[in-house]
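> Predicted model follows, preceded by the sequence.
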Amino acid sequence: MPSPMGVVRHNWTRSEVEALFALPFNDLLFQAQTVHRQHFNPNEVQVSTLCSIKTGACPEDCAYCPQSARYDTGLEKERLMAIEAVVNEAREAREAGATRFCMGAAWRSPRAKDMDTVLGMVKEVKALGMETCMTLGMLDEQQAQQLAEAGLDYYNHNLDTSPEFYGEIITTRTYEDRLKTLENVRAAGMNVCCGGIVGMGEQEDDRIGLLLQLATMDIHPESVPINQLVRVEGTPLAEQEELDPFDFIRTIAVARIMMPKSHVRLSAGRETMNDQTQSLAFFAGANSIFYGEKLLTTANPEESRDMQLFARLGIEPEKYQVTEEEALSEPTVADQLAAQQFYEAAN
Ligand code: SAM
Ligand code: DTB
Ligand code: SF4
């Protein structure tokens, strides 16, 4: 007997997922929207802002990535930012309406000497009353533990695609390496943000393979970013054929059905997407976006365009409630600075 829709399951089979992808578009979207309404307010979208805390010169060879040192993409590399500069960007993002701040570094994995700075960023950004997320590459058990202890809410580490297609895209780290990092993040008690990219030349079978990996985990990732490839000149995927937007929407809808309680993020690729496609993605169950005119290194829609779209669709940004424990924690340097600035302005 088929399981009722909207129940959280970890035993999805390939044939079930194939059947979802084979549904007529309207039937698939109806199912996805029905599941979505069982667990979420359909008119709320979570809003995260990205910040590239260390840019370019990455030793890895991810074929989609403008930050790999192996491809000439004209990107200016930048060292690890200072804590204060990151906190300033986070404050601006908060003022513009973001509730989560995601800090990304172009690293294979963090170096020991950078950990203190990174941990400082987590503490200070969290003290602004925002949720924190980081994506720094592979983590060992100890690094994951340190980040969790600093108060990091989410760690983003994508599987990117199916195990079968993965080798066409990345050769410098294995699928197993990625799963190990995700295991370390879970063991440290952080929320997992894990998804992938569509439009890299993969087949539908690969999108199915990726979603099966995610939805058969013991605990589903709390956040599932579905990125559409941003084709960047100089990368091996620069000339990749554009994906049919309906296939992108189908992937979002199937992710929603398979992981009913996770936030599914309409991630990279919105800059070239029209409002109608984005609204279909929300209808298919996407309920999170990256907000702010830049992703890590490439363009994203301007804040005003997103706010206009939200208003036209009657969508509200999802609120983030600070826990009592967080509210009662010691004031940090950022709090003290903000208080000082407030005091100076008032006098
Ligand atoms: N270096 C770390 C790592 O790879 O784990 C963190 C940063 S990396 C840029 C984070 C993710 O961004 C990648 O896993 C990939 O899914 C996504 N990404 C990077 N370049 C992209 C592009 N051109 N289009 C879509 N997504 C992209
Ligand atoms: C994710 O899944 N997408 C974000 C975030 N996690 C770190 C990154 C998208 C990057 C797009 C290319 C760029 O701007 O460099
Ligand atoms: Fe480096 Fe991450 Fe880009 Fe891969 S995706 S090249 S690991 S920054």
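Nice, thanks for sending it over. Residues are numbered from 1 along each chain as shown. Ligands and ions are numbered 1, 2, ... in the order given.

> Is the strand or helix carrying Cys51 in proximity to ligand 3?
With the criterion set as DSSP states H and E, the secondary-structure element containing Cys51 is strand 44-54. No: using CB under 6 Å from any ligand atom, strand 44-54 stays clear of ligand 3, with a minimum separation of 9.0 Å. C-betas here are computed from N, CA, C, even on glycine.

> Roughly how far does Thr171 sit from Asp206?
The gap separating Thr171 from Asp206 is 17 Å, by CB to CB, to the nearest Å.

> My error: substitute Asn158 in the last question.
Taking CB to CB as the criterion, Asn158 is separated from Asp206 by 14 Å.

> who's in contact with the closest residue to Pro59 other than its chain neighbours?
Once its chain neighbours are removed from consideration, Pro59 has its nearest residue in Arg108; the separation is 5.4 Å (CB to CB, 6 or more residues apart in numbering). Applying CB atoms under 8 Å, 6 or more residues apart in numbering, we find Arg108 in contact with Cys58, Pro59, Glu60, Gly137, Met138, Thr172, Arg173.

> Among those residues, which lie within strands?
Residues of the contacts of Arg108 located in strands (DSSP state E): none.

> filter these down to the ones close to ligand 1.
When CB under 6 Å from any ligand atom is taken as the criterion, the members of those that contact ligand 1 are Cys58, Gly137.

> re the thing from before, secondary structure class for the residue nearest to Pro59?
Secondary structure of Arg108, reduced to three states by DSSP: H, G, I helix; E, B strand; the rest coil: coil.

> Gly137 against Arg111, yeah?
No: contact status for Gly137 versus Arg111: not in contact, 10.2 Å apart, counting by CB atoms under 8 Å.

> re earlier: comparing Thr171 and Asp206, which residue is more hemmed in?
Asp206 (20 against 12; other CB atoms under 10 Å).

> where's the more buried one relative to Ala90, distance?
As judged by CB to CB, Asp206 and Ala90 stand 35 Å apart.

> on that earlier part again, what would the contacts of Arg108 look like in a markdown table with distance to Glu293, neighbour count and pLDDT?
Putting the contacts of Arg108 into a markdown table (distance: CB to CB, whole Å; neighbours: other CB atoms under 10 Å; pLDDT from 0 to 100) gives the following:
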| residue | distance to Glu293 | neighbour count | pLDDT |
| --- | --- | --- | --- |
| Cys58 | 23 | 22 | 96 |
| Pro59 | 28 | 12 | 96 |
| Glu60 | 26 | 19 | 97 |
| Gly137 | 25 | 20 | 97 |
| Met138 | 29 | 17 | 97 |
| Thr172 | 30 | 13 | 97 |
| Arg173 | 30 | 17 | 97 |
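
> Can you lay out the contacts of Arg108 as CSV showing distance to ligand 2?
Putting the contacts of Arg108 into CSV (distance: CB to the nearest ligand atom, whole Å) gives the following:
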residue, distance to ligand 2
Cys58, 11
Pro59, 16
Glu60, 13
Gly137, 11
Met138, 15
Thr172, 17
Arg173, 16
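
> Can you list which of the contacts of Arg108 are found in helices?
Within the contacts of Arg108, no residue falls in helices by DSSP state H.
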